[in-house]
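Chemist: Sharing a model that was predicted from the sequence below.
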Amino acid sequence: MRKLRLSLLLLLSSLTSSLFATLQMQPLFADGMVLQQRSHAPLWGEASPGTTVSVTTSWDGQTYSAVADVQGRWMLRVLTPSAGGPYELTIEEKADTRDHHTNTQRLTLHDVLIGEVWLCSGQSNMDMPVAGWGKVKDYERECAEAHYPQLRFLHIDYTMSPRPQRDVHVRDGGWQACTPQTVARFSAAAYFFGRDILQSQHVPVGLIMTTWSGTPAEAWVSADALSRLPDFTAAVGRITRMPVDAGQRRTYYERELTEWNRLLQADTLAWSQGALRYALPTYDDSSWDVAPVPGYTTGPDYDSFDGILWYRTVVDIPAKWARRELTLDLGRIDDNDLTFWNGTVIGHTDGYAEHRIYKVPAQLVTAGRAVITVRDLDIGGWAGLPDTIRLEGQPLTTSWRVCRAQTLHQLPVQPRNPLTDAKNVCMLYNAMIHPLAPYALRGFLWYQGEDNANRAYQYRELLPCLIDDWRGAWGATLPFYIAQLANYQEEKAQPGESKWAELREAQQLTACHLPQCATACLIDTGTADDIHPKDKQTAGHRLALLARALTYGENIEYSGPRYTGHTVEGQALRLHFTHADSLYLTTGSHAFALAGPDHQYHWADAHIDGTDVVLTSPQVTLPVAARYNWADNPSGHLYNRQGLPAHPFRTDDWPGLTYRNADY
């Protein structure tokens, strides 16, 4: 009987406790976290509606309290000291039971550090880990030496939503101290930045990584802010109308896609009498250009082309493969493909980084001639089939042909999948930025722009919009430091236009016009054939120089030479610079170009005169404008004594390749 009474009491106690087991904290607030020093740091979570939640801080023994609202949500702010730790936070919820007793729930957070917290965001170059898929320069040594217990990481998981979310989704269980194991999966650019701040400021550092590869800036902006930009009004309206339920959203999207395909059939030259004639095995493609497969399609007709490209090749199918399912491995395709086998669709994938492996149904496979056709929708930058293509594991050595169809501006805008496509406007802000605010921060790091290069002029408005939006969410003009796009793609023999140069210009204009905003120049860290530079050490270091000088007040050089103006001196043009101690130019380089009234640029000879650079060119007798490193991948650089490169710039404002490009 005594055992029975004891069991009943334990059961009753368990039931009573479960009724009030509602005290929860978001994963931001967990063991090992870093709180911003000398701040009124917000803490928030969930509790029973109407209950009192208190937080006691071990660094000063102070207790702070708040009452949970009708939805059970509460928030309070604690006063943090100067950097230090580890400390503890004790969170308690007190609720009155029906029998007028007080039930107390308690959480204790251990190993809490007080220091400097930075939020690091962007696309793949911020997402790129030290090891993993990235494998930065010297990654094995960097991982082995990464013993920094006062440097902490919080990795926000990939999440998207059509509505602003409250819950935070994290990876790896939450905050992690920097070790050789944890650093391998963390953002390389963010890590090298954080390590530099840790070593220079001698304080704990917390890095919150919220990134997604291949995403445009508009995905990271709130609907309220983005709707103020006319180019995005329709896209924002579409997302805000989306059903929250995933099943209903799928149905909504399927209707959109059906209508889009109807419009595409009506507008695309390839369609004839209801069939895609370019994909038919009987179509004569002998007038098409030879395509460099594997490789990117380049040349005068293709370098500046964005839109639909068609690729075709003929393969000979042996009799032993007839009526057998085959595997076609296309590797990556830049950007979105629709792939046919003898005129029948066998696969479709969006995204230039996605690996395509399609199955050819057995009923489509006959011995003899077969035609593989790929419709490539290129939405910006290079296009093509860059990888070795294999059929049944064997490399295809057949020749390919290519032709251009509609430009991007001639096509109806393809609706983006609201369940899987992270490029949708506002979706990443809703799920990966909004739930983090207003966690106390020192500032933001941003490495993004590759996905917006085709709309670089638009980025002049979009990036400031994003910065103002985030600062509004945090209620403060926090520092915002931008990693300027590195050099990438093939070098050009002659000066010309460049989308990537226009994007870098948009980044620099933003930094010049907004307070507490600056760019880290990375124009000398990239390579022609890899959009993800392996030298993330330099990226992190140059971002850290900005923070050390502009945020923490160190008396150090933080920038390369910066153009401030020019004067014309007869047949020469003199450029003026600040941050110009002991200027030098890499030898044998093409860095500067001059243009006359005809707007035609020619390479210029550069002569350094103190903090000025004097340009001349035999082809330009009346110089009116100059450009420096105005190319996707320039071959020369101007440095100051500290070895920091000048930011690319131009003195003209002539319309470039992306002027008025606004298609989302």
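Modeler: Structure received.
Chemist: which residues touch residue 633?
Modeler: For residue 633, the contact set (Cβ atoms under 8 Å, 6 or more residues apart in numbering) comprises 487-492, 526, 528. All C-beta atoms are positioned from the backbone trio N, CA, C, and that covers glycine.
Chemist: what distance separates the longest strand along the chain from the centre of its chain?
Modeler: Scanning the chain for the strand with the most residues, using DSSP state E, yields strand 102-122. Its chain's average C-alpha position is 27 Å from that of strand 102-122, according to Cα atoms, centre = their mean, to the nearest Å.
Chemist: Return the set of buried residues in it.
Modeler: Neighbour counts over strand 102-122 (16 or more other Cβ atoms under 10 Å) mark 103, 105, 107, 109, 111-122 as buried.
Chemist: Neighbouring strands - and their directions - for that strand?
Modeler: Neighbouring strands of strand 102-122 in its sheet, by DSSP bridges, are strand 34-36 (parallel), strand 84-96 (antiparallel), strand 205-211 (parallel), strand 443-447 (parallel).
Chemist: what angle do whichever helix or strand comes after the last one and strand 443-447 make?
Modeler: Using DSSP states H and E, the helix or strand that follows strand 443-447 towards the C-terminus is helix 456-474. Using axes from the mean of the first three to the mean of the last three Cα atoms, to 10 degrees, one finds that helix 456-474 and strand 443-447 are set 150 degrees apart in direction.
Chemist: chain center to helix 456-474, what's the gap?
Modeler: 14 Å.
Chemist: Then stretch 28-37?
Modeler: Centroid separation between stretch 28-37 and its chain, computed with Cα atoms, centre = their mean, is 25 Å.
Chemist: ends of that stretch, how far apart?
Modeler: With Cα to Cα, to the nearest Å as the measure, stretch 28-37 spans 16 Å from end to end.
Chemist: Kindly report the same for stretch 318-327.
Modeler: Stretch 318-327: ends 14 Å apart by Cα to Cα.
Chemist: One more: stretch 387-396?
Modeler: 11 Å.
Chemist: buried set for it?
Modeler: In stretch 387-396, the ones that count as buried by 16+ other Cβ under 10 Å are 387, 389, 391, 396.
Chemist: Report the central residue of this protein.
Modeler: residue 123 (1.4 Å; Cα atoms, centre = their mean).
Chemist: Give me the pLDDT value at that residue.
Modeler: Looking at residue 123, its pLDDT stands at 97.
Chemist: and if you look at the one 5 residues further on?
Modeler: Among the per-residue scores, residue 128 holds a pLDDT of 96.
Chemist: residues contacting it?
Modeler: Contacts of residue 128 by Cβ under 8 Å, 6+ apart are 134, 136, 187-189, 532, 536.
Chemist: Repeat that for residue 312.
Modeler: 278, 283, 285, 288, 371-374, 400-402.
Chemist: now the lengthiest helix in the chain: how far from the chain's centre is it?
Modeler: Ranked by residue count, the top helix of the chain under DSSP state H comes out as helix 246-267. Taking Cα atoms, centre = their mean, one finds the center of helix 246-267 at 27 Å from the center of the full chain.
Chemist: how about that helix: buried residues?
Modeler: If you call a residue buried by 16+ other Cβ under 10 Å, then helix 246-267 has these buried ones: 249, 252-253, 256, 264.
Chemist: which regions of the stretch 51-200 of the chain lie under the pLDDT threshold?
Modeler: Residue ranges of the stretch 51-200 of the chain with pLDDT under 70: 96-102.
Chemist: Repeat that for the stretch 501-650 of the chain.
Modeler: 588.
Chemist: could you pull out the helices for it?
Modeler: Secondary structure of the stretch 501-650 of the chain (DSSP state H, counting those that start in this stretch): helices at 536-546.
Chemist: for it, what spans make up the strands?
Modeler: With strands called from DSSP state E, counting those that start in this stretch, the stretch 501-650 of the chain shows them at 517-520, 562-569, 572-578, 584-585, 592-595, 601-603, 605-609, 612-616, 625-628, 638-639, 649-650.
Chemist: and those as JSON lines, adding distance to residue 43 and mean neighbour count?
Modeler: Shown next, in JSON lines, are the strands of the stretch 501-650 of the chain (distance: least, Cβ to Cβ, whole Å; neighbours: other Cβ atoms under 10 Å):
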{"stretch": "strand 517-520", "distance to residue 43": "29", "mean neighbour count": "25"}
{"stretch": "strand 562-569", "distance to residue 43": "41", "mean neighbour count": "14"}
{"stretch": "strand 572-578", "distance to residue 43": "43", "mean neighbour count": "19"}
{"stretch": "strand 584-585", "distance to residue 43": "51", "mean neighbour count": "14"}
{"stretch": "strand 592-595", "distance to residue 43": "54", "mean neighbour count": "26"}
{"stretch": "strand 601-603", "distance to residue 43": "56", "mean neighbour count": "20"}
{"stretch": "strand 605-609", "distance to residue 43": "55", "mean neighbour count": "14"}
{"stretch": "strand 612-616", "distance to residue 43": "53", "mean neighbour count": "20"}
{"stretch": "strand 625-628", "distance to residue 43": "48", "mean neighbour count": "24"}
{"stretch": "strand 638-639", "distance to residue 43": "46", "mean neighbour count": "22"}
{"stretch": "strand 649-650", "distance to residue 43": "45", "mean neighbour count": "20"}
